[in-house]
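**Q** Attaching a predicted model along with its sequence, questions to come.
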Amino acid sequence: MRRRSSFAFRAGLAITLFMVIMAVAAHFWTPHDPADMDITIRLQPPSLIHPFGTDHFGRDVFSIIMAGSRITLGVALAAVMIGLGIGVPLGLVAGAFHGRIADDAVLRANDLIFAFPALLTAILIAARFGPGAYTVIIAIGLFNIPVFARISRAASLPLWHRDFIRAAFLAGKGKGLISVEHILPNIAHLLIVQASIQFSLAILAEAGLSYIGLGVQPPAPSWGRLLADSQTMVSISPYPVVMAGLAIMLTVLGFNLLADGLKKRYIRTREVII
Amino acid sequence: MTMLAYLVRKAVFLAASLLMASLVVFALIEVIPGDPATYMLGINARADTLAALRAELGLDVSAPARYWHWISGMITGDFGISYTYRVPVLDIVIERLAVSVPLALYALVLAITMAFPAAMAAAHYQGSRGDRALLAITQFGIAVPNFWLAILLVYLFSLVLGWFSAGGFNGWSEGISAGMKALTLPAVALALPQAAILSRVMREALIDTMREDYIRTARAKGLTRFQALLYHGFRNALIPVLTILGMQFSFLLAGAIIIENVFFLPGLGRLVFQAIAQRDLILVESVVFLLMVAVMIVTFIVDIAYAFVDPRIRRSRA
Amino acid sequence: MTRVISASGLCVHLRGTALLEDIDISLEKGRILGITGESGSGKSLTALALMDLLPGPLERRGVISLEGQRIDNADDAEMSRLRGRRISLIFQEPMTALNPLLPIGVQVAEVFRQHCGLSRADAEKEAALVLARVGLPTEIIPPGRLPDELSGGQRQRVVIAMAIAMKPAVLIADEPTTSLDVTTQKEILDLLRALVTEDEMAMILITHDLAVIAEMADELLVLKDGRSLAHGPVSMLARQSQIPEIDDLVAASTLPPAPKAPARSSMPPLLSVSRVSHGYPSKRGKGHDTAGAGNLVLSDITFSIAPGEAVGLVGRSGCGKTTLSQLILGLSTPLSGQITLADEPVDSRNFPRHLRRRIAAVFQDPYGSFNPRRPVGWLVAEPLHLLNPSPDEKEKRTRVREALMAVGLDPDFDGRLIHECSGGQRQRIAFARALITRPSLIVLDEPVSALDAPVRKRVLASMAETAAAFDIATLFISHDLSVVRSVCPRVMVLADGKLVEDNATGTVFSHPGHPETARLVDAAPDLGRALARLGTDDRQKER
């Protein structure tokens, strides 16, 4: 069993690092300009010059994949940061003031935001302010807030009753200091695991939103857009569709494996009794 | 608290949440600075066209009055007139809902049917090859974007094998089975990733439950492993699963909306995206709000289901 | 006399390592076998092995017979038919032993449905009868109650009901009362003994508490590191055995008598509690709750503690001890009455630092008392936050090391993580943390209840000595009079939120002034008393 879990962790880590490196590298260099169109070489199968072939505008699929990773990972990172940055403090406050107005307020706000799935929020924002990267970041990030708030609150609630918190009160520390010094370090592992799960969900969400046109607009490259543009040509050349989908799937898989590995490592569980 | 009291309490919360949500939607579309009329017509629009549109949108009236007009209209079934289609929003929406909601429900049923038995078997035979195979398959299942899966399914089953049509939906007038056939491929594309998530969550919940002390007690009482899993494990594992199920419906609905693009289904999705492209704010406002209502109602149903599974919920504060 | 259960050469292995080796058991009906040993000696494994409920990777060998039939070669289906019907097992943790979602009546009825195939209605009728047998009749506890509406003692009774419902031949009880307070412990043990007699059951009682074994068991099996150290009649404890470990075990479990009360000092009291009452908003009653005292958890409490005095506060769970300690520590404010420390009021809403540092606490749970992410040094130094001016890192380190030495630990402990320390060590570290601000009063809330019986004595003695050496007053709170007796010359008894006794310890034991005190005296597990009785029994048999 031990070997298997570290395999998942190592595989996840490898894939994740590879994607991140590719995204960073794309900032400086891609084999071709992803926006470079050349109708004469459209829908070609993979070759030495175009390892993933070309799409129906003649653009190099490999370069689009590389460049698109920047958008996807960037959006996902920003969205998760919003969730962590706003959600965790909210959840900690709710846990610290359990049963009082602050707790109720956070719970109500959570319920309200949960009613706004990323897609609906994206639609609202896009309808009013137009599509784009910020639309997607806000839409996905908004939904991340109650996720982290709920986890932080639920994980911190049982801790407040523990004796080491009482000891901290006796030492004259206030709820704020205790939240930072005692509560947060003891829920950090849960947050990290959840963050990697949310990261992979954000990647899927960004791909979906780009696919329907609410994300970054052309000529900016994106995996979802590539998929949307190429789907009608799938019988002529399936490579753009397949590659774009594989890129999304592989990245999500990587983060999920990473999350699984982290979970096994840091969240101790009792053995099965029977 | 009795079941009835709990139901009433939850219903009140539902109404309050709907109200809050409607406020947010309204505020975002109509109140946020920036002139909706200019946005809809473009910067180069003529002043008199803008004025006419503003009058039509009722922008000359105060915001609270407009909000009240909108809300009271919705209760009576008047959702306004779509700017682009020039027909009552309600009519269009009902027509489209008849596609999107059955699709989401179809997918949900498929997902549950696939996921629950697989999860129970995997938890029961934990560590076996079958269990590990399920884990591996679902690991890919949850990573696959459903719209990509949809495209691949169309490619395989329509273009190559010709078992299903490549898309389109002719309405329910041709009969339920014909309609279901048209929705099958999209529902499968939606259901597979959902089933992967559900089975993983259920499996994990069951395994966690099997570690609990009361399972030990059940075994000491003379229940076999399977009996302990079924009578004690399942019910307790249902709690985290219900949580996921509630959220999954909203993702399913979102997924259905996206997938309509692949299969050219005349559902809410295409309606909304065309509306965005055409800047038809009236339509977007009402459709989004309706979708939210659907999501909240499902959450409400899940909350009620919780109370059946876990009687302790009725006692604690909501 | 029929042998109801026997095991020969019982072994348990984990991937080649022997966890339990060559254990022999032979028990007749109506007899009680006590199995004891330190933590990790294999007591629970024996129980699980007999029931064939060992966790997956563990393997079992040996011959086991139940009512004349071999069961070690039975498959899971056959064993499932025997479990709960002919042989039952109850576990230590009543709080988690029941399914939180199902009413207790349903869970007990399940036994009848499983083994007799009864309909739901019939099974629930039978369940109500069994519940009445264990002291939970329908009038007091409706079978529709959920487990979390019951106290620990009541939950354990439900577990017992499930175990004896089918009148099995053998009942195995693995530490059935360890997590309960002593008064409840006595009630549960009395119940078990009555059931053994009425049903002519054989019982295997597993516990680390020698006093319990001495009072309950007929035969004794002592385990150490998975092997049998001694096996014979329980009266062997009363004599000097040839085995040093057993003598050590007996000595460690025998608590010393009460210290003499020092002359009453003429100094003004350090802590003064005056007419304090406190309560909480109404909640559905749990277990031993007051019938008619309304919502008050404490009523009209008055007492004082002199500087340097060691006082005990005893009462069963739910009597209000913890609430009182919260008030004294300034973590909550009483509804009425006043608490003063050195003539300054103790008020949680306004508790100045210079006063807070004069009072410290040691809590019950050695595992929950410390933040698992911080090293011991950081944890012990935490109360220094109260000092003004705050000491620098170097001084903190020095004071921490001093405190660790004062409680009998190596100062290098300051670099360790808490999960590397044993239960006894953790309680000492907790005491070091309490000492570090040189308080005038330390409140110890069940400081040794979670520790094994043999370890308790050492830790308790060490705490009492250190407190005396620094002239720190101590308030020892416990549900067990015998624990308090060995370190406190004066003891107070709390019953249903009222102070019913406040006297010198010797007097309280010899002439209890209140029925509750008498009950506590009777319930306190006393190895000395039990051994004396055994010695008498033995001599009677020899005649």
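**A** Thanks, I have the structure now. Numbering: from 1, shown residues only, chains lettered A, B, ... in the order given.
**Q** check contacts around the closest residue to chain C within the stretch 101-250 of chain A.
**A** Per C-beta to the nearest C-beta, A:Asp163 is where the stretch 101-250 of chain A lies closest to chain C, at 3.9 Å. All C-beta atoms are positioned from the backbone trio N, CA, C, and that covers glycine. Contacts for A:Asp163 (C-beta atoms under 8 Å, 6 or more residues apart in numbering or on different chains) come out as C:Phe363, C:Gln364, C:Asp365, C:Gly368, C:Ser369.
**Q** Name the residue most distant from the centre of chain A?
**A** Distance from the C-alpha centroid of chain A peaks at A:Leu170, with 40.6 Å (C-alpha atoms, centre = their mean).
**Q** Please name the nearest non-neighbouring residue to the residue in chain C that chain A sits nearest to.
**A** Using C-beta to the nearest C-beta, the closest approach of chain C to chain A is made by C:Phe363 at 3.9 Å. For C:Phe363, ignoring the flanking residues on the chain, the nearest one in space by C-beta to C-beta, 6 or more residues apart in numbering or on different chains is A:Asp163 at 3.9 Å.
**Q** so where's chain A uncertain?
**A** Counting by pLDDT under 70, chain A contains low-confidence ranges at A:1-5, A:268-274.
**Q** mind listing the helices for it?
**A** Counting by DSSP state H, chain A has these helices, from start to end: A:2-28, A:61-82, A:88-96, A:101-114, A:118-129, A:133-160, A:163-170, A:175-178, A:184-211, A:223-230, A:239-266.
**Q** Figure out how far the fifth one is from the centre of its chain.
**A** Average the C-alpha atoms of helix A:118-129, do the same for its chain, and the two points are 19 Å apart (C-alpha atoms, centre = their mean, to the nearest Å).
**Q** what's the neighbour count on C:Met95?
**A** Residues near C:Met95, counting by other C-beta atoms under 10 Å in any protein chain shown, number 16.
**Q** so it makes contact with C:Arg155?
**A** Yes. Contact criterion C-beta atoms under 8 Å: C:Met95 and C:Arg155 qualify, at 6.6 Å.
**Q** what residues go with each domain of chain B?
**A** Domain ranges of chain B: B:3-75, B:96-277, per automatic domain parsing.
**Q** Those: lowest mean pLDDT?
**A** Mean pLDDT is lowest for domain B:3-75 among the domains of chain B, at a mean of 78.
**Q** distance between the ends of that one?
**A** Across domain B:3-75, the terminal residues are separated by 28 Å (C-alpha to C-alpha, to the nearest Å).
**Q** Does chain C have contacts with it?
**A** No. Domain B:3-75 is not in contact with chain C by C-beta under 8 Å from any C-beta of the partner chain; minimum separation 13.8 Å.
**Q** I'd like to know how far C:Met236 sits from C:Asp148.
**A** Distance of C:Met236 to C:Asp148, given as C-beta to C-beta, to the nearest Å: 43 Å.
**Q** So between these two, which is more surrounded?
**A** With neighbours defined as other C-beta under 10 Å, C:Met236 and C:Asp148 compare such that C:Met236 has more, 19 against 13.
**Q** Show the contacting residues for that one.
**A** C:Leu220, C:Ala230, C:Ile246.
**Q** same thing but 7 Å
**A** Neighbouring residues of C:Met236 by C-beta atoms under 7 Å, 6 or more residues apart in numbering or on different chains: C:Leu220, C:Ala230.
**Q** before we move on, what about B:Val288?
**A** By C-beta under 7 Å, 6+ apart, the contact list for B:Val288 reads A:Leu120, A:Ile123, A:Leu124, B:Val25.
**Q** Equivalent analysis for C:Cys488, please.
**A** C:Ala310, C:Val311, C:Gly312, C:Phe476, C:Thr505.
**Q** From the residues you listed, pick the one nearest A:Ala102.
**A** Relative to A:Ala102, the closest of those is C:Phe476; by C-beta to C-beta it sits at 37.8 Å.
**Q** For the closest one, which three-state class applies?
**A** Classification of C:Phe476 using DSSP: H, G, I helix; E, B strand; the rest coil returns strand.
**Q** what's the closest non-adjacent residue to it?
**A** Nearest residue to C:Phe476, sequence neighbours excluded (C-beta to C-beta, 6+ apart): C:Gly312, at 4.7 Å.
**Q** didn't the one you found look like it was pressed against C:Val491?
**A** Yes. If you go by C-beta atoms under 7 Å, C:Gly312 and C:Val491 touch, sitting 3.9 Å apart.
**Q** Overlap in contacts, those two.
**A** C:Val484.
**Q** hey, where'd the strands end up in the stretch 101-250 of chain C?
**A** Ranges of strands in the stretch 101-250 of chain C, per DSSP state E, counting those that start in this stretch, are C:170-174, C:202-206, C:219-224, C:227-233.
**Q** that older thread, how far away is the residue of the stretch 101-250 of chain A closest to chain C from C:Val362?
**A** Applying C-beta to C-beta, the value for A:Asp163 to C:Val362 is 9 Å.
**Q** Contact residues of the stretch 51-200 of chain A facing chain C?
**A** Contact residues, the stretch 51-200 of chain A versus chain C (C-beta under 7 Å from any C-beta of the partner chain): A:162-164, A:166-173, A:182, A:185-186.
**Q** Quick one: buried ones out of the residues you listed?
**A** Neighbour counting with 16 or more other C-beta atoms under 10 Å in any protein chain shown marks A:162-164, A:166-173, A:182, A:186 as buried within those.
**Q** Using CSV, please lay out those residues together with distance to A:Lys264.
**A** Below are these laid out as CSV (distance: C-beta to C-beta, whole Å):
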residue, distance to A:Lys264
A:Arg162, 25
A:Asp163, 29
A:Phe164, 26
A:Arg166, 32
A:Ala167, 31
A:Ala168, 31
A:Phe169, 34
A:Leu170, 36
A:Ala171, 35
A:Gly172, 39
A:Lys173, 34
A:His182, 25
A:Asn186, 19
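**Q** Could you find the closest non-adjacent residue to the residue of the stretch 151-300 of chain B found nearest chain C?
**A** Residue of the stretch 151-300 of chain B nearest chain C, by C-beta to the nearest C-beta: B:Gly222 (3.5 Å). Once flanking residues are discounted, B:Gly222 sits nearest to C:Gly84: 3.5 Å by C-beta to C-beta, 6+ apart.
**Q** so the one you found makes contact with B:Ala220?
**A** Yes. In this structure, C:Gly84 is within contact of B:Ala220 by C-beta under 7 Å, at 6.5 Å.
**Q** of the two, who's got more company?
**A** Legend: neighbour count by other C-beta under 10 Å for C:Gly84 and B:Ala220, higher for C:Gly84 (28 against 25).
**Q** can you pull the contacts of the more buried one?
**A** C:Gly84 makes contacts with B:Ala220, B:Lys221, B:Gly222, C:Val111, C:Gln114, C:His115, C:Met166, as judged by C-beta under 7 Å, 6+ apart.
**Q** for chain C, what helix or strand is lowest in average pLDDT?
**A** Lowest by mean pLDDT, DSSP states H and E among the helices and strands of chain C is helix C:527-542, with a mean of 71.
**Q** Run through the residues that contact the spatially most central residue of chain A.
**A** Centre of chain A computed as the mean C-alpha position; nearest residue by C-alpha atoms, centre = their mean is A:Phe199, 2.0 Å away. When the contact criterion is C-beta under 7 Å, 6+ apart, the partners of A:Phe199 are A:Ala76, A:Val80, A:Phe255.
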